[in-house]
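Participant: My questions concern the predicted model and sequence given below.
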Amino acid sequence: MTESEVRSILRRAFNSKQAVKTLEYKIKELESLRERVTPSYSSVPGGGSGNKIEDTTEKICEMQQRLRTKTENFLKDVERAEALITFAERENPGYGVILNQRYIIGFSWWDIAGINNYSRAQVFRIHDRAVTYIANNAKHETK
């Protein structure tokens, strides 16, 4: 396994998590919008293009379906990433801490540095060593 492949697997887990979080946020926003929309009971036609509550509810349902799909993909991506992280942890528990915080939890590099009382450069060094270790040693164990 190359370093590029390791980084790709880890990045996919991170990106999947971000996609799930984004969809969750959009769904909450639409639900909030739907709650603010009140039906009009006027006898005068409004000239609108349909029922806004129904339209918003349809969008929410579509997004919830996309969220389910993205969540399934996220779980698959995380499973692969966790196998690599577990492998790296056997060599050095610090590798697992950094990799889990970044790719499974989704922390920023700044957050990881602060939580662990490291400089960002130190976090990147540990990360790079972990990726190199996985690439050089995880031949067939994690597939």
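Facilitator: That came in fine, so what should we check first? Remember, it's a predicted structure, so these values are computed and weren't measured experimentally. Residues are numbered from 1 along each chain as shown.
Participant: wait, isn't Val123 in contact with Asn116?
Facilitator: Yes - counting by Cβ atoms under 8 Å, Val123 does reach Asn116; the two are 7.2 Å apart. The way it works is simple: take the backbone N, C-alpha and C, and place the C-beta from them, glycine included.
Participant: Now list whatever residues contact both of those two.
Facilitator: Residues touching both Val123 and Asn116 (Cβ atoms under 8 Å, 6 or more residues apart in numbering) are Ile98.
Participant: Just want to know which of the two has more residues nearby.
Facilitator: Counted by other Cβ atoms under 10 Å, Val123 and Asn116 do not tie: Val123 has more neighbours, with 21 against 15.
Participant: Excluding chain neighbours, what is closest to the most centrally placed residue in the chain?
Facilitator: By Cα atoms, centre = their mean, the chain has its centre lying nearest to Lys17, at 0.9 Å. Closest residue to Lys17 apart from its sequence neighbours, by Cβ to Cβ, 6 or more residues apart in numbering: Gly106 at 4.8 Å.
Participant: low-scoring pLDDT stretches of this structure, where are they?
Facilitator: The chain contains residues with pLDDT under 70 at 37-50, 140-143.
Participant: sorry, back to before: check which helices and strands the strand or helix carrying the residue nearest to the centre of the chain sits against.
Facilitator: Assessed by DSSP states H and E, Lys17 sits inside helix 3-36. When contacts are defined as 3 or more Cβ pairs under 8 Å, 6 or more residues apart in numbering; DSSP states H and E, helix 3-36 sits against helix 52-91, helix 120-137.
Participant: tilt between the helix or strand hosting Gly114 and helix 120-137?
Facilitator: When elements are assigned from DSSP H and E, Gly114 belongs to helix 109-116. Put simply, helix 109-116 runs at 100 degrees to helix 120-137, going by axes from the mean of the first three to the mean of the last three Cα atoms, to 10 degrees.
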